[in-house]
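K.L.:
Provided below for reference: sequence and predicted model.
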Amino acid sequence: MQEQPTLPAQKGEEYSEPDADEQDTSKSTSTAGGNSFPSLTVDAHGTAERFRQVCDSEHTEALETQEVQLSLSHEIQSYGEWTDLISADFNPHRPTVRKGNIVDRLFDQLSEHYERPSSTPDDPPCWTVSVSGSATAWRRFFMEYVQTGAEEHEHAYQGVAHLSQLLSTDIAGDGAALAALDLINEYDLDHSREQFVEDLQDDADGE
């Protein structure tokens, strides 16, 4: 049985070279308001339990439990929503993304009659989680919305480091890898390209 909750969803566009506005990486979050927020979409698929009331008498309550497969898709609308939904703590010594927490936060948007069977915060069993977006969207996000206060070259390097960590958790895909390679090439960064090239090759081999 397939349950399809209604959540806002829009897949990232195919990769294309950024236009002149998108190449201007000096904009801050407050000044980037002329552009729409980069199209980054969280997708989650897995097993859940649905509760349905089957008795509504004055003295008796009864609930029926069913196991269902859910597909959740949610387009991120702001940087604040990113930090609420996706862990922003990029620490190489512990998980940068807790996929179970992401699923639980998506569940908060559903009716109270749905529940994830396991509350494991890291890699929830029977669930897959990913964030999709074009290379242009990932690049804009880290250059315009995730500000480090450093000069533009250092800002680009930090963006590549963050993209690398998201890719290492298997939550980001081709768009993130292409965005990292774009930044490395444009700013001539002293950062290895190997991981990003391997990610692209692995995805191509898996098709």
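P.N.:
Happy to help now that I have it. Numbers count the residues shown, from 1 in each chain.
K.L.:
make it CA atoms for all contacts and neighbour counts henceforth
P.N.:
Will do.
K.L.:
Look up phi and psi at Asp104.
P.N.:
The phi/psi pair for Asp104 (degrees, to the nearest 10) reads phi -60, psi -40.
K.L.:
residue ranges of the strands in this protein, please?
P.N.:
Applying DSSP state E to the chain gives strands spanning 2-3, 41-56, 61-75, 114-115, 127-132.
K.L.:
could you dump those strands to JSON lines with distance to Asp182?
P.N.:
Shown next, in JSON lines, are the strands of the chain (distance: least, CA to CA, whole Å):
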{"stretch": "strand 2-3", "distance to Asp182": "39"}
{"stretch": "strand 41-56", "distance to Asp182": "21"}
{"stretch": "strand 61-75", "distance to Asp182": "24"}
{"stretch": "strand 114-115", "distance to Asp182": "41"}
{"stretch": "strand 127-132", "distance to Asp182": "17"}
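K.L.:
Just send the ones you listed back as TSV, with mean pLDDT, distance to Tyr157 and mean neighbour count too.
P.N.:
Formatted as TSV, the strands of the chain follow (pLDDT from 0 to 100; distance: least, CA to CA, whole Å; neighbours: other CA atoms under 10 Å):
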stretch	mean pLDDT	distance to Tyr157	mean neighbour count
strand 2-3	47	42	11
strand 41-56	89	24	17
strand 61-75	92	26	16
strand 114-115	87	40	18
strand 127-132	96	21	21
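K.L.:
Out of those, the one nearest Asp170 is which?
P.N.:
In terms of CA to CA, the element of the strands of the chain nearest to Asp170 is strand 127-132, at 7.3 Å.
K.L.:
Noted, bye for now.
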